[in-house]
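**Student:** quick one: sequence plus predicted model below, questions after.
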Amino acid sequence: MNKLLGVQRLLVTWEIGSSALQFEIEAKRDGAKSIEAEHMLLALTANRDTDAAKLLEEFGLDHERLTSALREEKNRTLAFAGMKAPDEKLVEATELDCSLSLGTSAKAAIKRALIGSRHDRRRARLRSIDLLAGILEAELGTVPRALAIAGIDRAALSSRARMSA
Amino acid sequence: MSSSREPSPIGGPADGLAAVTALRAMADRLEDAEVERALRAGWSWSQVAEALGVTRQAVHKKHLRRLLMAQIQLRRRAGE
């Protein structure tokens, strides 16, 4: 678990533990080579019992809507370069059966989550709501782009997440 | 207009930079699929490498483990 999160001596709550395997499921479903912030955000919406999922739902973001926002972001981004997303069958390949590592955006989100947490950092305990705040505090990249396209007030959502954390 | 301190995640340079990332990811996925397709069709590692414009060692290192899992009958060199 800690190995997956790539952070040594990091204590995690059960709700993050239950989402962690989902990080990888979301990344593989996306055909990604590493777990990025958008995959962690999708994973947080997959377990609706978490505080993070409940807050996201308040802002109208469930797994389906977030998936759709991320797809729209990808389509718009590729369109900028005159391309469109390829047919999934065209890029279907055998997957390497091993754990994916955390990508840069995911590591940065975890770091922000811990730094911004009100908890004693020596005993940092990562909760879903901390992680959500860490993900939302990115100013650039796929997550803020997708949320902007979906018309979500990221600043308000981020602030609520940090207040709850 | 956003200041240079807080650029918008949408529009301007953000769109172009995001496109770079998206195209890289797409190219990676396409490479995985096409290398596998070529080897399934009986191409050798050398032929795949030549077509991609990289060394045989490079393509081997990047794809061998994954393709062994795919249980493809792999040829070692062209003509063998």
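**Tutor:** Here it is on my side, so go on. Residues are numbered from 1 along each chain as shown, chains lettered A, B, ... in the order given.
**Student:** check the closest residue to A:Leu96 other than its chain neighbours and give its pLDDT.
**Tutor:** With Cβ to Cβ, 6 or more residues apart in numbering or on different chains as the criterion, A:Leu96 has its nearest non-adjacent residue at 4.5 Å, and that residue is B:Arg66. In short, each C-beta sits where N, CA and C put it, glycine included. According to the prediction, B:Arg66 has pLDDT 89.
**Student:** gap between B:Arg66 and A:Leu140?
**Tutor:** 32 Å (Cβ to Cβ, to the nearest Å).
**Student:** what of A:Asp97?
**Tutor:** Taken as Cβ to Cβ, the span from A:Asp97 to A:Leu140 is 33 Å.
**Student:** the more surrounded of those two?
**Tutor:** A:Leu140 (17 against 8; other Cβ atoms under 10 Å in any protein chain shown).
**Student:** once you drop chain neighbours, what's closest to that one?
**Tutor:** Nearest non-adjacent residue to A:Leu140 (Cβ to Cβ, 6+ apart): B:Pro9, at 5.1 Å.
**Student:** what sits against B:Ala51?
**Tutor:** B:38, B:43 (Cβ atoms under 8 Å, 6 or more residues apart in numbering or on different chains).
**Student:** which pLDDT does the model give it?
**Tutor:** Reported pLDDT for B:Ala51: 98.
**Student:** repeat for A:Gly17
**Tutor:** 68.
**Student:** how about A:Arg118?
**Tutor:** 63.
**Student:** same question, A:Pro86
**Tutor:** 86.
**Student:** what about it, how many neighbours?
**Tutor:** For A:Pro86, using other Cβ under 10 Å, the count is 13.
**Student:** which element is it on?
**Tutor:** A:Pro86 is part of no helix or strand, with elements assigned from DSSP states H and E.
**Student:** now swap in B:Arg66 and tell me
**Tutor:** Here B:Arg66 is covered by helix B:56-69, with elements defined by DSSP H and E.
**Student:** now tell me what touches that helix from outside.
**Tutor:** In contact with helix B:56-69 (Cβ under 8 Å, 6+ apart) are residues A:93-97, B:32, B:35-36, B:39, B:45-46, B:48-49, B:52, B:74.
**Student:** what about 7 Å?
**Tutor:** A:94, A:96-97, B:35-36, B:39, B:45-46, B:48-49, B:52, B:74 (Cβ atoms under 7 Å, 6 or more residues apart in numbering or on different chains).
**Student:** which of the residues you listed are buried?
**Tutor:** Taking 16 or more other Cβ atoms under 10 Å in any protein chain shown as the criterion, what is buried in those is A:94, A:96, B:35-36, B:39, B:45-46, B:48-49, B:52, B:74.
**Student:** tell me the one of these nearest B:Asp15?
**Tutor:** B:Leu52 (28.7 Å; Cβ to Cβ).
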